[in-house]
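[1] Please find the sequence and the predicted model below.
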Amino acid sequence: MPSPQPRTKPAIAIIETIGSHGGMHYYTDNQAHALVNQGHPTTLYSLPASTDAGARYRKVDTFKEIYGSDPKAIRGLRLMRDLTTSLLAAKRSGAKVCIFHLFKMDVFELYAARLCKLLGMKSMAIVHDVARLDQPNQRPQLARIAASCDLLIAHNGFSEAALLAALSGAPANVTVVPSGNYIAQFPDPPSKEQARERLGLPQDKLIILFFGNPRREKGLHVLLEAMVAHRDDPRLLLLVAGKMKPEEEGEYRAFAAEHALGERVRFDIGHVDDADVPAYYRAPDIIALPYLRIYESAVALMAMSLERPVLASDLPPMRDVIGDDARGLLFAASDAQALSARIGELVANPEQLTDLATNAATYAARDRHWDVTGRMLSAASESL
């Protein structure tokens, strides 16, 4: 009797329009490799990124000139053009399932979902933000997108509950698939001493890092306010790194100057090259996440992947990641005094950081491994 032939798993197309502009290239690279490891022929339609070299999935650089200073209408037309090109190419290549990444719930994300359905492919949409963090009441096309997708995926139970509440009973297939770690991207990270030397940081201070976009809901203003009580402590340094709009940079620098934080805060403003990312995460002792609103934090997972604990607002997604102070420290969201007290605890007892860092790294490697996520995504795709 002939042995049964192994069942072919459906080919998957990942449609991703952000790329390295928001650090999404790390996420989609891990996601694509996780699906390949589960036996899915996988193609990523996105923008050029540092993760392209050595990829074991097929990569198509599809989206052209959708960012920049050109008028929004022109860039919007280009995005519609490139979404169409991507989905038609996915259909021609034999893709059975498309994965989308939802952030804004706008007309472009709706267009992609509907075109995928029209072309006869199944769709899984990963809902990164149930509502825009900067405009929490704005999700104009959510119900229509949900109706056009075969499966909506949230990263945690909090996001799942928020998504179902936002849909207000509208029909939708929703499940939870956790986000994975970023260990594969940085197999040989520098030591703390090497990272500080690379960035020109002092070796003898307790350094706190705030990394990424400082939009108001990310709480950098709360962190700066918390630092005021420590402005005379030479043992402490806050490092702020990432892109900022000129008006944001002006506001934060003015606050630092007004409150004599010049010796306690260093601003590294601008795009952080991928080659420097591990240095920025390994140089500090702890990464601050003073968020006012959040659904999931890639910065927290990046920190833990690079063996650093986090100092975070006690929002439900952060409590889930940190685990009752086992992998970092929590403080009351929006409460600068509570954050300041936590900073004081760190300065008084820096030894606790060793266990926190070890626990954080173990959690990232064990509980947030992409093999877990890959198996869940694979099972979801085969169920459609």
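    Structure's in. What do you need? Numbers count the residues shown, from 1 in each chain.
[2] Tell me, how many residues neighbour residue 52?
    By other C-beta atoms under 10 Å, 14 other residues sit near residue 52. No exception for glycine: its C-beta is placed from N, CA and C like everyone else's.
[3] I'd say residue 127 and residue 156 touch.
    No. Taking contacts as C-beta atoms under 8 Å, residue 127 lies outside contact range of residue 156: 10.9 Å.
[4] Need the residue closest to the centroid of this protein.
    The centre of the chain sits closest to residue 298, judged by C-alpha atoms, centre = their mean, with a distance of 3.0 Å.
[5] And it, how close does it get to residue 18?
    For residue 298, the distance to residue 18 (C-beta to C-beta, to the nearest Å) stands at 12 Å.
[6] ok, residue 127 and residue 156, which is more surrounded?
    Set side by side, residue 127 and residue 156 show unequal neighbour counts under other C-beta under 10 Å, the larger going to residue 127 at 28 against 18.
[7] mind listing what that one touches?
    Listed by C-beta atoms under 8 Å, 6 or more residues apart in numbering, the contact set of residue 127 reads 102, 152, 153, 154, 159, 163.
[8] what do you get for residue 41?
    Counting by C-beta under 8 Å, 6+ apart, residue 41 touches 9, 11, 12, 58, 94.
[9] Tell me where the stretch 251-384 of the chain has helices.
    Counting by DSSP state H, counting those that start in this stretch, the stretch 251-384 of the chain forms helices over residues 277-282, 298-305, 316-322, 336-348, 352-366, 370-383, given from the N-terminal end onward.
[10] would CSV of those helices with distance to residue 228 and mean pLDDT be doable?
    Converted to CSV, the helices of the stretch 251-384 of the chain look like this (distance: least, C-beta to C-beta, whole Å; pLDDT from 0 to 100):
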stretch, distance to residue 228, mean pLDDT
helix 277-282, 24, 98
helix 298-305, 23, 95
helix 316-322, 23, 92
helix 336-348, 8, 97
helix 352-366, 23, 95
helix 370-383, 41, 95
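[11] Which one of the ones you listed lies nearest to residue 199?
    Using C-beta to C-beta as the measure, helix 277-282 is the one of these that comes nearest residue 199, at 5.5 Å.
[12] Tell me the helices and strands packed up against that closest one.
    The contact analysis (3 or more C-beta pairs under 8 Å, 6 or more residues apart in numbering; DSSP states H and E) places helix 277-282 against helix 192-199, strand 206-211, helix 298-305.
[13] which one of those lies closest to residue 81?
    When these are compared for distance to residue 81 using C-beta to C-beta, the nearest one is helix 298-305, at 28.5 Å.
[14] buried sites along that closest one?
    Of the residues in helix 298-305, 298, 299, 300, 301, 302, 303, 304, 305 count as buried by neighbour count, 16 or more other C-beta atoms under 10 Å.
[15] all helices of the stretch 101-250 of the chain, in order?
    With DSSP H, counting those that start in this stretch as the criterion, the stretch 101-250 of the chain has helices spanning 107-118, 142-148, 157-167, 192-199, 220-227, 246-258.
[16] rewinding a little: if we ignore the residues flanking it in sequence, what's nearest the residue nearest to the centre of the chain?
    Computed as C-beta to C-beta, 6 or more residues apart in numbering, the closest residue to residue 298 that is not its neighbour in sequence is residue 23, at 6.3 Å.
[17] so what are the domain limits for this structure?
    Structural domains assigned to the chain are 12-180+369-383, 184-366, following automatic domain parsing.
[18] chain center to the shortest one: distance?
    Yep, that's domain 184-366 we're talking about. Here the centre of domain 184-366 is set off from its chain's centre by 15 Å, with C-alpha atoms, centre = their mean, to the nearest Å.
[19] what's the span of it from first residue to last?
    The straight-line separation of the ends of domain 184-366 (C-alpha to C-alpha, to the nearest Å) is 13 Å.
[20] what do you get for the longest one?
    Between the opening and closing residues of domain 12-180+369-383 there is a gap of 13 Å (C-alpha to C-alpha).
[21] Quick one: distance of that domain to the chain centre.
    Distance, centroid of domain 12-180+369-383 to centroid of chain: 14 Å (C-alpha atoms, centre = their mean).
[22] And residue 73, how far from residue 35?
    35 Å.
[23] Which of the two has more residues huddled nearby?
    residue 35 (27 against 8).
[24] My read is that that one contacts residue 57, right?
    Yes. With contact defined as C-beta under 8 Å, residue 35 reaches residue 57; the gap is 7.4 Å.
[25] Give me the common contacts of the two.
    With contacts defined as C-beta under 8 Å, 6+ apart, the residues shared by residue 35 and residue 57 are residue 42.
[26] on that earlier part again, so which of the helices of the stretch 101-250 of the chain is the most surrounded?
    Highest mean neighbour count among the helices of the stretch 101-250 of the chain (mean count of other C-beta atoms under 10 Å): helix 220-227, with a mean of 23.
[27] what about residue 88, helix or strand, and which?
    Under DSSP states H and E, the secondary-structure element containing residue 88 is helix 72-92.
[28] which secondary structure elements does that helix contact?
    Using 3+ C-beta pairs under 8 Å, 6+ apart, the elements in contact with helix 72-92 are strand 12-15, strand 42-46, helix 107-118.
[29] Just give the number of residues close to the residue lying closest to residue 225 once chain neighbours are set aside.
    The shortest distance from residue 225 to any residue other than its chain neighbours is 3.9 Å, reached at residue 336 (C-beta to C-beta, 6+ apart). With neighbours defined by other C-beta under 10 Å, the count for residue 336 comes to 20.
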